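Q: Got a sequence here, can you model it:
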Amino acid sequence: MMKASTVYDVAAHAGVSIATVSRVLRRPADVRASTRERVLASVQFLGYVPSASARGLAARRTGVLGLFFPGIDDEGDSAEVPFVQDMSVEIVVDIPDSGEVRPPNLYFDEVLRGSEREAWRHGFALMVGVGRGTNPAEMVNDIAGRVDGMAVLACSVPDDLLDHVSRRIPVVLIAGPRRGDDYDHVSVSNTEGMRALTEHLIETHRITEPVYLAGPVDSPDDAERYLGFVQALTAAGIDAAGLPVLRGEFSRIRARHLAGEMLAAGGLPRALVCGNDQMALGLLDVFGPAGIRVPEDVIVTGFDGIEAGRLSTPRLTTVHQPMADLGRAAMRAMLSRLQHPDQPPITSRLPVKVLLRESSEGTV
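A: Residues are numbered from 1 along each chain as shown. Prediction:
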């Protein structure tokens, strides 16, 4: 491997100062065209790659933004993948409903996509960390030492750790309400969206005893959505406290188990209102093969608006939230904080849209 070229090598080859090389690479429009072309030709000839760490030291910035999620799938630790050269091809019959349902978590996929796009638009790279296990402190601290700011899912990081990190870099919380803190927050209209959907079920379909499938107990998103569910029931004179709540953990696999338990018990509610689309899709996975008609026998609704709900049979009635825009808003809040450290805390709340489809409306 050849020795890596330095900025001094480029300056000597192009016959300019190292300050001129730096200006060409960072602010090319500020340099005369003939000089700029000569420097860039030297960069190309020498194979010079600017040092990100050196630039960071000079600017006191890393040029990287951070994004931290909790563990986002149902898989345990995978076995080590060996380095092999195997050109064999196996042909298998792909049997549906094999029981091995490991769907991608499309909510995080979309938030990640929006975050990366917005960071890129402003000249930043994005570092992503996924917390696995019970102690995220090591990963969060490690990321915090490598980035200019970090966005985290609300309640995924202990409060004391979040406070510690926020003393060094800006922190943006994604999802959930403000809890007396001074962080920047971005979220969607969870309560309003779920209330509108539940009101539609009550007023249009005369649903009086819907059952709610809830997410994790510590999910701020689910808490807001359940609040909207309760508000709609209360406004209609229905006692929400008397209705069961099933804990689906935002998991398609867990919802499949709950569907099986309901069928084994011999009865279904008239409507199952799910806190996210993955749980609603898990119900559909079981009801269809069991001969349960949706929505004739039971109405099923979700929340998020992931693509799988548009492709399911029947198509899933849901509340669509702008997941990619949520990631973009988090990055914009972070960049604003970097530019204006003393500005008041930012609160951004994005609108949602109720999408009525066949899982509640029948033919649409």
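Q: Name the next helix or strand downstream of the helix-or-strand element of the chain with minimal mean pLDDT, please.
A: Least confident element among the helices and strands of the chain, by mean pLDDT, DSSP states H and E: helix 52-59 (a mean of 54). Downstream of helix 52-59, the next assigned helix or strand under DSSP states H and E is strand 64-70.
Q: helices or strands up against that following strand?
A: On a contact count with 3 or more Cβ pairs under 8 Å, 6 or more residues apart in numbering; DSSP states H and E, strand 64-70 meets helix 106-121, strand 125-131, helix 137-144, strand 150-153, helix 323-339. All C-beta spots, glycine's among them, are computed from the backbone N, C-alpha and C.
Q: Same list, these, but as JSON lines with mean pLDDT, distance to Ala4 and mean neighbour count please.
A: JSON lines is the format used below for the helices and strands packed on strand 64-70 (pLDDT from 0 to 100; distance: least, Cβ to Cβ, whole Å; neighbours: other Cβ atoms under 10 Å):
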{"stretch": "helix 106-121", "mean pLDDT": "91", "distance to Ala4": "26", "mean neighbour count": "19"}
{"stretch": "strand 125-131", "mean pLDDT": "89", "distance to Ala4": "20", "mean neighbour count": "17"}
{"stretch": "helix 137-144", "mean pLDDT": "81", "distance to Ala4": "26", "mean neighbour count": "16"}
{"stretch": "strand 150-153", "mean pLDDT": "93", "distance to Ala4": "30", "mean neighbour count": "26"}
{"stretch": "helix 323-339", "mean pLDDT": "95", "distance to Ala4": "30", "mean neighbour count": "22"}
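Q: Pull out the buried positions in stretch 25-34.
A: Leu25, Val31 (16 or more other Cβ atoms under 10 Å).
Q: what's the distance between that stretch and the middle of its chain?
A: 38 Å (Cα atoms, centre = their mean, to the nearest Å).
Q: now the end-to-end length of that stretch.
A: Using Cα to Cα, to the nearest Å, one end of stretch 25-34 lies 14 Å from the other.
Q: OK, contacts around the nearest residue to Val165 once chain neighbours are set aside?
A: Excluding its sequence neighbours, the residue lying closest to Val165 (Cβ to Cβ, 6 or more residues apart in numbering) is Ala144, at 4.6 Å. For Ala144, the contacting residues are Gly66, Met150, Val165, Arg168, Ile169, by Cβ atoms under 8 Å, 6 or more residues apart in numbering.
Q: Quick check: the gap between Ala144 and Arg168.
A: According to Cβ to Cβ, to the nearest Å, Ala144 and Arg168 sit 6 Å apart.
Q: Would you confirm that Arg310 contacts Leu316?
A: Yes. Using Cβ atoms under 8 Å, Arg310 is in contact with Leu316, at 7.4 Å.
Q: which neighbours do those two share?
A: Arg357.
Q: So for these two, which residue has more residues nearby?
A: Leu316 (29 against 14; other Cβ atoms under 10 Å).
Q: farthest pair in the contacts of Ala144?
A: The distance between the two most remote of these (Cβ to Cβ) is 11.5 Å, for Gly66 and Arg168.
Q: Settle it for me: which of those two has more neighbours?
A: Neighbours were counted for Gly66 and for Arg168 using other Cβ under 10 Å; Gly66 has more, 28 against 13.
Q: In contact with the more buried one, which residues?
A: With Cβ under 8 Å, 6+ apart, Gly66 has these contacts: Leu126, Met127, Val128, Gly129, Ile143, Ala144, Arg146, Val147, Gly149, Met150, Ala151, Ile169.
Q: For it, give the beta-bridge partners.
A: Under DSSP bridges, the beta-bridge partners of Gly66 are Met127, Met150.
Q: which residues in the stretch 201-350 of the chain form helices?
A: Per DSSP state H, counting those that start in this stretch, the stretch 201-350 of the chain carries helices over the ranges 220-235, 252-265, 277-287, 307-311, 323-339.
Q: deepest of the ones you listed, which one?
A: Most buried of those by mean neighbour count (mean count of other Cβ atoms under 10 Å) is helix 277-287; its value is a mean of 25.
Q: Determine the set of other helices and strands touching that one.
A: Looks like helix 277-287 contacts strand 211-214, helix 252-265, strand 271-274, strand 299-301, helix 307-311 (3+ Cβ pairs under 8 Å, 6+ apart).
Q: Of these, which is nearest Leu106?
A: Ranking these by proximity to Leu106 (Cβ to Cβ) places helix 307-311 first, at 6.6 Å.
Q: Give me the contact list for the closest one.
A: Outside of helix 307-311, the residues within contact range by Cβ under 8 Å, 6+ apart are Pro103, Leu106, Asp277, Ala280, Leu281, Gly302, Arg315, Leu316, Thr318, Arg357.
Q: OK, contacts around the residue nearest to the last one when sequence neighbours are not counted?
A: So the one you mean is Arg357. Once flanking residues are discounted, Arg357 sits nearest to Arg315: 4.0 Å by Cβ to Cβ, 6+ apart. Shown in contact with Arg315 (Cβ under 8 Å, 6+ apart): Gly309, Arg357, Glu358, Ser359.
Q: same question, Pro70
A: Contacts of Pro70 by Cβ under 8 Å, 6+ apart are Val130, Gly131, Pro136, Leu153, Ser156.
Q: Skipping its backbone neighbours, what lies nearest the second one in space?
A: Think Gly131. Once flanking residues are discounted, Gly131 sits nearest to Pro70: 5.0 Å by Cβ to Cβ, 6+ apart.
Q: Looks to me like Phe186 is in a strand.
A: Actually, residue 186 is Val. It isn't Phe. Yes. The assignment for Val186 by DSSP: H, G, I helix; E, B strand; the rest coil puts it in a strand.
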